[in-house]
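Engineer: Model the following, please.
(one chain, ligands or ions: 2)
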Amino acid sequence: MSDCIFCKIVEGKIPSTKVFENNQVIAFKDLHPLAAKHFLFIHKSHTKDIVQMMDSDPGQIKDIYQSISQFVKDEGMNEEGFRVVTNLGAHAGQTVFHTHFHVLGGETLGRFGK
Ligand code: 5GP
Ligand code: ZN
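Structural biologist: Ligands and ions are numbered 1, 2, ... in the order given. Predicted coordinates for the structure are as follows:
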């Protein structure tokens, strides 16, 4: 999608600090980290949110979680612990409309909710 910043990151048109890449998925550091370790995992195919992703190609969720699993093992984050978060829409405060999975860790995280 031409006006999507995460598609531009996939295409290399916007710089990012990449931490993982395979044929389907890339991950990079969040520009405004909310934890000691804060990464964003995205599928290279554009969808706007997790519901559109499931409606169009549910196999993408497997691509994403396989990538996260491989990455956290390499980082040792599977032993430390981590959290995966996906925001959808206004109530959750989604700001970028290319489906993404926040992977947060590197320290003890606060509880979440309101
Ligand atoms: P959301 O609020 O939609 O769940 O998450 C969007 C995330 O993308 C935010 O945490 C924000 O800091 C991050 N972000 C927005 N623009 C950029 C960018 O250009 N580069 C990177 N690395 N992260 C971005
Ligand atoms: Zn996109």
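Engineer: Would you verify that F39 is located in a helix?
Structural biologist: No - the assignment for F39, made by DSSP: H, G, I helix; E, B strand; the rest coil, is strand rather than a helix.
Engineer: Can you tell me, leaving aside adjacent residues, what's nearest to it?
Structural biologist: V103 (4.5 Å; Cβ to Cβ, 6 or more residues apart in numbering). (Each C-beta comes from the backbone N, C-alpha and C, glycine too.)
Engineer: Mind listing the strands the helix or strand encompassing that neighbour pairs with, and their directions?
Structural biologist: Assigned by DSSP states H and E, V103 falls within strand 100-105. Here strand 100-105 has these sheet partners by DSSP bridges: strand 37-43 (antiparallel), strand 82-85 (antiparallel).
Engineer: Which residue or residues pair with the residue nearest to F39 through a beta bridge?
Structural biologist: With DSSP bridges as the criterion, V103 is bridged to F39, V84.
Engineer: show me the contacts for it.
Structural biologist: 27, 37-41, 68, 71-72, 77, 82-84 (Cβ atoms under 8 Å, 6 or more residues apart in numbering).
Engineer: which of those are buried?
Structural biologist: Buried residues within the contacts of V103, defined by neighbour count using 16 or more other Cβ atoms under 10 Å: 27, 37-41, 68, 71-72, 77, 82.
Engineer: quick one: which of those is nearest to ligand 2?
Structural biologist: The nearest member of the buried ones among the contacts of V103 to ligand 2, counting by Cβ to the ion, is L40 at 12.0 Å.
Engineer: Contact residues of this protein facing ligand 1?
Structural biologist: 5, 14, 16, 28-32, 40, 87, 93-96 (Cβ under 6 Å from any ligand atom).
Engineer: Type out the PyMOL command that picks the buried ones from those.
Structural biologist: Buried members of these, defined by 16+ other Cβ under 10 Å, are picked up in PyMOL with:
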select buried, resi 16+28+30+40+87+94
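Engineer: As CSV, the residues of the chain next to ligand 1 with secondary structure and pLDDT would be great.
Structural biologist: Below are the residues of the chain next to ligand 1 laid out as CSV (DSSP: H, G, I helix; E, B strand; the rest coil; pLDDT from 0 to 100):
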residue, secondary structure, pLDDT
I5, helix, 98
I14, coil, 96
S16, coil, 98
F28, strand, 98
K29, strand, 98
D30, coil, 98
L31, coil, 98
H32, coil, 97
L40, strand, 98
N87, coil, 97
G93, coil, 95
Q94, coil, 98
T95, coil, 98
V96, coil, 98
